[in-house]
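J.: My questions concern the predicted model and sequence given below.
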Amino acid sequence: MVAAGVQALALLLACAVSTAETGQSFKLKMWRPEDQPLQQQFSQVNEEIERLKYDQAMMKQKQEDMNQAIMHCAQMQASRDKEVNLTTLQEGSSSLPYPFFHEDEDPEEDEDGVLDPCNHYSVLDQPWRATNFSTKNVACDRKVQWKGWYRLFYRGKAIQMPERCVKTEMCGTHSPLWLVGGHPRIRDGIVTRKVCGHWNRNCCAFKSPPIQVKACRGNFYVYKFVKPQACHLAYCADINTLVCGRCKKDEICNSRDKINWFCKKSKSRVKATVHFFASYPSSLRGKVNRIQFSKVYVNVGGAFNSRTGVFTAPVTGVYQFFFSTQSAANGAKTDLWLVINGYWVALSHTHVSSSNSVGNLSTYMTSLRKGALVYVTHNCGNSWANSASNTITFGGSLLLVRR
């Protein structure tokens, strides 16, 4: 703009000089060269250049003032609403803008036809929500049009809501909102949690409407935020939980005091189902060191060996066993023993005093380490059975897995 003005003035000056040399007279609207000396003409040109520079500077200043006015209007927009303010103590409090992004209006469904909030959420990355951010401009989440599920971030890093009371005037608001009852586990699915706002030395002075929370794989959570019941309340992001975003897949984020968080190896639950039931299809007489129960009805987990008659504990845990015998010999006694790792631990005993048939079933519950060997020995007497009687039997189940 300045360069164009200079060129125009230079052209006028050249025309004036040319006119003076040729003796021709032209009437110009701005000035006539014969009326002023050449030095004064140059002075006017310089003044015009300075005026154009000044106009340019003023235009730039007006543009900056307009940008500041737009920002000021955005910050003051919420404070002009006519909602009830229950916590403002200072004049001139204003609300912060909320520049977060929503998910797609029509998100795709998962394979089972249900939208998983762990895959469909909006990013909420506002540093002023952090628990170490003191009040400057006052935020009020009641003024936000919450929609769907949200995942909290702090400057691009995953973060989560605090599980303990937060001091007032933090998280960019007067009364910070924190999660009551702690975060759920993945197997809990979607849960409902209470939310409290700290005010006037009362950690739950404001009982905000409950929200829904879900734990997701990858050590993060999603929240279904709703409008608090008043201003100025805002959901907090616990700055101490930033470490949780660095946990590995086989780790969980843990804290003993809800202040200091750390990554910890997760205790994966061993899911084992063990059941077996077998019988000996014929009679036994005298001492048999290890009965080979060859007729197997149930062997879930494959821990029982029908060729050897030995059960091998697949995992450490609590087991329950049963074994039985039936005697028919007059005046004889019959003993079957349950043997664990070479120790005789339980007895199944029968004693026939007359011409009768007597049976006995014994049970035994114990804790075993992985690899323990269990079998039944026929110590003495006569045990009767055939292929269909199922009178000489051995079985057991895993009741509880232990680490």
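T.: Thanks, I have it.
J.: mind listing the strands for the stretch 251-400 of the chain?
T.: Applying DSSP state E, counting those that start in this stretch to the stretch 251-400 of the chain gives strands spanning 251-255, 261-265, 275-279, 284-285, 295-300, 304-305, 310-312, 317-327, 333-340, 343-351, 358-368, 373-380, 382-383, 393-401.
J.: Next, the angle strand 295-300 makes with the last one.
T.: Same thing as strand 393-401. Going by axes from the mean of the first three to the mean of the last three C-alpha atoms, to 10 degrees, strand 393-401 is angled at 10 degrees with respect to strand 295-300.
J.: ok so, going back, mind putting the strands of the stretch 251-400 of the chain in a markdown table, distance to Met59, mean pLDDT and mean neighbour count included?
T.: In this view, the C-beta of every residue, glycine as well, is placed from N, C-alpha and C. As requested, the strands of the stretch 251-400 of the chain are exported to a markdown table (distance: least, C-beta to C-beta, whole Å; pLDDT from 0 to 100; neighbours: other C-beta atoms under 10 Å):
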| stretch | distance to Met59 | mean pLDDT | mean neighbour count |
| --- | --- | --- | --- |
| strand 251-255 | 55 | 79 | 17 |
| strand 261-265 | 53 | 80 | 15 |
| strand 275-279 | 87 | 96 | 20 |
| strand 284-285 | 111 | 87 | 16 |
| strand 295-300 | 85 | 94 | 14 |
| strand 304-305 | 92 | 96 | 22 |
| strand 310-312 | 89 | 96 | 20 |
| strand 317-327 | 82 | 92 | 21 |
| strand 333-340 | 95 | 90 | 21 |
| strand 343-351 | 98 | 88 | 16 |
| strand 358-368 | 86 | 91 | 16 |
| strand 373-380 | 94 | 93 | 20 |
| strand 382-383 | 111 | 84 | 22 |
| strand 393-401 | 78 | 94 | 19 |
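J.: Arrange those in a markdown table, one row each, with distance to Val45 as further columns.
T.: Listed next are the strands of the stretch 251-400 of the chain as a markdown table, based on distance: least, C-beta to C-beta, whole Å:
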| stretch | distance to Val45 |
| --- | --- |
| strand 251-255 | 73 |
| strand 261-265 | 71 |
| strand 275-279 | 106 |
| strand 284-285 | 129 |
| strand 295-300 | 103 |
| strand 304-305 | 110 |
| strand 310-312 | 107 |
| strand 317-327 | 100 |
| strand 333-340 | 113 |
| strand 343-351 | 116 |
| strand 358-368 | 105 |
| strand 373-380 | 111 |
| strand 382-383 | 129 |
| strand 393-401 | 96 |
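J.: Quick check: nearest residue in space to Cys263, chain neighbours excluded?
T.: In space, and not counting its chain neighbours, Cys263 is closest to Cys247: 4.0 Å by C-beta to C-beta, 6 or more residues apart in numbering.
J.: pLDDT-wise, which helix or strand of this protein ranks last?
T.: When the helices and strands of the chain are scored by mean pLDDT, DSSP states H and E, helix 2-22 comes last with a mean of 49.
J.: OK, contacts around the nearest residue to Trp337 once chain neighbours are set aside?
T.: The shortest distance from Trp337 to any non-neighbouring residue, by C-beta to C-beta, 6+ apart, is to Trp344 (4.5 Å). Counting by C-beta atoms under 8 Å, 6 or more residues apart in numbering, Trp344 makes contact with Trp337, Leu338, Thr377.
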